[in-house]
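Peer 1: Predicted model and sequence below, questions to follow.
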Amino acid sequence: MDNVTSWEKLKHELKAAAAGLGIDKIGIASADPFVELKQRLIRHRELGYESGFEEPDLDKRTQPSLLLENPQSIIAIAVAYPSKLKNPPKSEPGARRGIMSRSAWGEDYHKVLRDRMRKLEDWLRERVPSLRAESMVDTGALSDRAVAERAGIGWSAKNCSVITPEWGSWVYLGEMITNLPLPPDEPVAESCGDCTACMDACPTDALVAPGQLNAQRCISFVTQTKGLVTDELMRKIGNRLYGCDTCQTVCPKNRGKNWTHQPELQPDLEKAKPLLVPLLTMGNREFKEAYGQTSSAWRGRKPIQRNAVIALGNFKDPSGVQPLANVLRSDPRFELRATAAWSLGRIGGAAARDALEQALKLEREEAVLEAISAALAAGSPGNRDAAQEALGAPGEDDGLVKRE
Ligand code: SF4
Ligand code: SF4
């Protein structure tokens, strides 16, 4: 295969084969270096907006030739996932529930997309035996979004997601750098226009400018950390256990978009919106059995358990006091004990105060002692700030928390 027409023909055949390979959209990008992106990433780093989960080498993130020798094109793929739960279990007094981000509802998308990439690679190799390819999904060096944008999968939106005209932003992205000179596609025109719904709805003002995210303030990132969280951010986490979808759920381009055709990506309702209390005492093995197949498990059980503690506090449901008191008294992890103290302070009342006072006598860890004292002070009559009272309980279905 050596002329332009044959590569054009192969590209058309590839796109026609996409659905049969379980892929919802395919676009082709040139394998040129991402020069502009590199400048943006440098600035992003200088401003301290990185999450810390990124590939640290900016050259690797922006130069496909460092990942595959003499690359000729990048094939970008998108696989659509659901955005709605059908008949979700209700979060009720005495049986409060948390919410997982939509990207963690089904089977781990890294696994699902790797499967699609393998199929795509086999399909290509049958036609071009000399194929060389390097595939990646999310954790690879290249920026999935920059590649998807260049390949015409969608536009890079103000909420920092890639919005496809067909599927909205409810798509997982992956890419394959190849040695095949497939002709590139045209980028999709930017269509956010004057809209700023995502920036207005972000509970923490993490979208500092259109398309610019301060990951340190983004709840999606914060829910994946393992340490202590600030009072402000704990309030804003609401009942989110993993990730945050607010800037996507409010996006008008996602209206009515819910994709149920990929079997592995469909949610298990009890895992997408789990009861909070049973999460608190889940051991490692139990957690792996329940969540090991989803993308929320990559940081282990600790962040999710800490977030469950926070959610119980944010619900201010007195039924949370006893389970939180148990965490405060006996969880071996000081971050969980300190967070439980915060949540007991948030719920308030005599039983919560009792639990805090008991713990104050036994606790040895400085950070927990501080959290207990702060919680006792927050719980004293006349000391509760008005904003805290105005917040109310977290949203039932999507973890939305009102802006304070
Ligand atoms: Fe804001 Fe949540 Fe979007 Fe992060 S994911 S930018 S916290 S709305
Ligand atoms: Fe763009 Fe509006 Fe969607 Fe934000 S909410 S990504 S501004 S269309």
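Peer 2: Great, that's in hand. Ligands and ions are numbered 1, 2, ... in the order given.
Peer 1: Report the buried residues of stretch 116-127.
Peer 2: By neighbour count with 16 or more other Cβ atoms under 10 Å, stretch 116-127 contains the buried residues 116, 117, 120, 121, 123, 124. C-beta here means a position set from N, CA and C on the backbone, and glycine is covered the same way.
Peer 1: I meant stretch 232-243, not that one.
Peer 2: In stretch 232-243, counting by 16+ other Cβ under 10 Å, buried: 233, 234, 235, 236, 237, 238, 239, 240, 241, 242, 243.
Peer 1: now the end-to-end length of it.
Peer 2: By Cα to Cα, to the nearest Å, the extent of stretch 232-243 from end to end equals 17 Å.
Peer 1: sorry, back to before: mind putting the buried residues of stretch 232-243 into CSV with distance to residue 11 and pLDDT?
Peer 2: Listed next are the buried residues of stretch 232-243 as CSV, based on distance: Cβ to Cβ, whole Å; pLDDT from 0 to 100:
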residue, distance to residue 11, pLDDT
233, 46, 98
234, 49, 98
235, 50, 98
236, 45, 98
237, 44, 98
238, 45, 98
239, 45, 98
240, 41, 98
241, 41, 98
242, 37, 97
243, 34, 97
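Peer 1: and of those, the nearest to residue 360?
Peer 2: residue 234 (20.3 Å; Cβ to Cβ).
Peer 1: ok but the closest one is inside a helix, no?
Peer 2: Yes - counting by DSSP: H, G, I helix; E, B strand; the rest coil, residue 234 is found in a helix.
Peer 1: Distance check, it against residue 160.
Peer 2: Between residue 234 and residue 160 the computed distance is 23 Å (Cβ to Cβ, to the nearest Å).
Peer 1: Kindly report the same for residue 221.
Peer 2: According to Cβ to Cβ, residue 221 and residue 160 sit 12 Å apart.
Peer 1: Residues contacting the longest helix along the chain, please?
Peer 2: Counting residues, the longest helix found in the chain (DSSP state H) is helix 109-127. With contact meaning Cβ atoms under 8 Å, 6 or more residues apart in numbering, helix 109-127 is reached by 1, 10, 13-14, 17, 21-23, 75, 77, 79, 81, 103, 106, 131, 133, 135, 137-139, 172, 174, 176, 178, 180, 262, 264-265, 293, 295.
Peer 1: can you redo the buried residues of stretch 232-243 as JSON lines with distance to ligand 1?
Peer 2: Below are those laid out as JSON lines (distance: Cβ to the nearest ligand atom, whole Å):
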{"residue": "233", "distance to ligand 1": "9"}
{"residue": "234", "distance to ligand 1": "13"}
{"residue": "235", "distance to ligand 1": "13"}
{"residue": "236", "distance to ligand 1": "8"}
{"residue": "237", "distance to ligand 1": "9"}
{"residue": "238", "distance to ligand 1": "10"}
{"residue": "239", "distance to ligand 1": "13"}
{"residue": "240", "distance to ligand 1": "8"}
{"residue": "241", "distance to ligand 1": "14"}
{"residue": "242", "distance to ligand 1": "12"}
{"residue": "243", "distance to ligand 1": "7"}
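Peer 1: Return the closest of the buried residues of stretch 116-127 with respect to residue 5.
Peer 2: Closest to residue 5, out of all of those and judged by Cβ to Cβ, is residue 124, at 17.8 Å.
Peer 1: The closest one and residue 21: what is the separation?
Peer 2: 10 Å.
Peer 1: try residue 4
Peer 2: Distance from residue 4 to residue 21, by Cβ to Cβ: 24 Å.
Peer 1: which residue sits closest to residue 265, ignoring its sequence neighbours?
Peer 2: In this structure, residue 265 finds its nearest non-sequential neighbour in residue 106, 3.5 Å apart by Cβ to Cβ, 6 or more residues apart in numbering.
Peer 1: show me the contacts for that neighbour.
Peer 2: Residue 106 is in contact with 81, 82, 112, 262, 264, 265, 266, 267, 294, counting by Cβ under 8 Å, 6+ apart.
Peer 1: Buried subset of those residues as a PyMOL selection?
Peer 2: Those of the contacts of residue 106 that count as buried under 16+ other Cβ under 10 Å are selected in PyMOL with:
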select buried, resi 81+82+112+262+265+266+267+294
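Peer 1: quick one: which two of the contacts of residue 106 are the most distant?
Peer 2: 262 and 294 (14.5 Å).
Peer 1: so which of the contacts of residue 106 comes closest to residue 247?
Peer 2: Comparing the contacts of residue 106 against residue 247 with Cβ to Cβ picks out residue 81 as the nearest, at 16.4 Å.
Peer 1: Please report the distance of the closest residue to that closest one other than its chain neighbours from ligand 2.
Peer 2: Ranked by Cβ to Cβ, 6+ apart and with sequence neighbours excluded, the top spatial neighbour of residue 81 is residue 265, at 4.5 Å. Between residue 265 and ligand 2 the computed distance is 22 Å (Cβ to the nearest ligand atom, to the nearest Å).
Peer 1: so what's residue 265 up against?
Peer 2: Contacts of residue 265 (Cβ under 8 Å, 6+ apart): 79, 81, 82, 105, 106, 107, 109, 112, 259.
Peer 1: So which of the residues you listed are in strands?
Peer 2: Members of those lying in strands (criterion: DSSP state E): residue 79.
Peer 1: Dump the contacts of residue 265 to TSV, plus pLDDT and distance to residue 59.
Peer 2: As requested, these are arranged in TSV below (pLDDT from 0 to 100; distance: Cβ to Cβ, whole Å):
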residue	pLDDT	distance to residue 59
79	98	28
81	98	32
82	98	37
105	96	35
106	94	34
107	95	33
109	95	27
112	97	29
259	98	35
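Peer 1: and the contacts of residue 265, which two are the farthest apart?
Peer 2: 107 and 259 (14.5 Å).
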